[in-house]
Structure formats: structure tokens, C-alpha cells
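Colleague: sequence-free structure coming up:
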């Protein structure tokens, strides 16, 4: 599942950009964030951080007891970051430690083991129930038209 496709971001000194996404329980098996990044100027590097959303909110407010799922410092190239767990995840690109703004170009996708099917019968059951209700509405409408036709035809004869 693509998280960000060919995005360019300008990040000022000491600033960061974040992308929030949700990872379902069935997607958590061997989940990882994979992609490529290019940092301009090429002498700079950025930090890539992965947080659960509650840890991200504490980190953003300079709170204590913040856990990262994974952290990486990179200039340019390919990267892989492990995602342990599931839920609301925040991916952060931070320009800490540089003396000048950077422009970052990247492609990122979330990879996991499995088919991507939830195995949860609820979505299929909801689609079936919606289909049955739709067929019932159509049957009532068609029955109404036929009844009107039959009644009108009997009055003529």
C-alpha cells in the first residue's frame, strides 16, 4: 500500500513534516515502511521517525516517556523501517541537526506479509445485507408498477 508517491517537501531548520496512517491488525504481520529518499543539499541528512499517535503527540509537545517504533538518520538512498504493532501510526521527517533548510524527495510504501484481506466477515455481511435490501426495494417498486398496470387494465374492461 503506497503511503506517499513522489512527494517533494521543503523543511526549514529545526522543523519537521509528518504523515499519519492507520495500520490494521491483519496488516501488522512483518510490517515495514520502505522507500527511497533524496535530500538536497546532499551534505545534509534528515531523521526518519515512526511513532504510535499518542507517542507522537507527546513528542510534539516535548513530553517525557516517548517511545519510537523505529528511528533512522539518512542522507539519500533506500530505507526500511520496521513497524511493530498496529493502529494509528505517524511517520516524521525531521530536519534537526542541519544548519540550512532541506528539500526532501521521496516515495514510501507500507509493506506487510499476507494478502491484505482482513478475514473479517463483517464487511462481506454488510455488502450482502445491502444487496438484499436493494433487491427488496426493487421488488417493491416493480410490484407497485405491475399492480398499477393490472388495476388500470381491469378498470378498462
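Modeller: Here it is on my side, so go on. If you're wondering where the values come from, they're calculated on a predicted model, not measured in any experiment.
Colleague: residue ranges of the strands in this structure, please?
Modeller: For the chain, the strands defined by DSSP state E cover 2-11, 16-23, 32-40, 46-52, 70-74, 77-82, 87-94, 102-111.
Colleague: what residues sit buried inside the last one?
Modeller: Of the residues in strand 102-111, those scored as buried under the neighbour-count criterion (16 or more other C-beta atoms under 10 Å) are 102, 104, 106, 108, 110. Placement of C-beta: from N, CA and C, glycine included.
Colleague: with the fifth one instead?
Modeller: Within strand 70-74, the residues scored as buried using 16+ other C-beta under 10 Å are 70, 72, 74.
Colleague: list the contacts of it.
Modeller: Strand 70-74 has contacts (C-beta atoms under 8 Å, 6 or more residues apart in numbering) with 33, 37, 39, 45-50, 79, 81-83.
Colleague: could you give the average pLDDT over the top helix by length along the chain?
Modeller: Taking DSSP state H as the criterion, the chain has its longest helix at helix 121-156. On average, the pLDDT along helix 121-156 is 87.
Colleague: helices or strands up against that helix?
Modeller: Helices and strands touching helix 121-156, as assessed by 3 or more C-beta pairs under 8 Å, 6 or more residues apart in numbering; DSSP states H and E, are absent.
Colleague: still on that earlier bit, and which of the buried residues of strand 70-74 is nearest to residue 87?
Modeller: Within the buried residues of strand 70-74, proximity to residue 87 (C-beta to C-beta) peaks at residue 70, which comes in at 15.0 Å.
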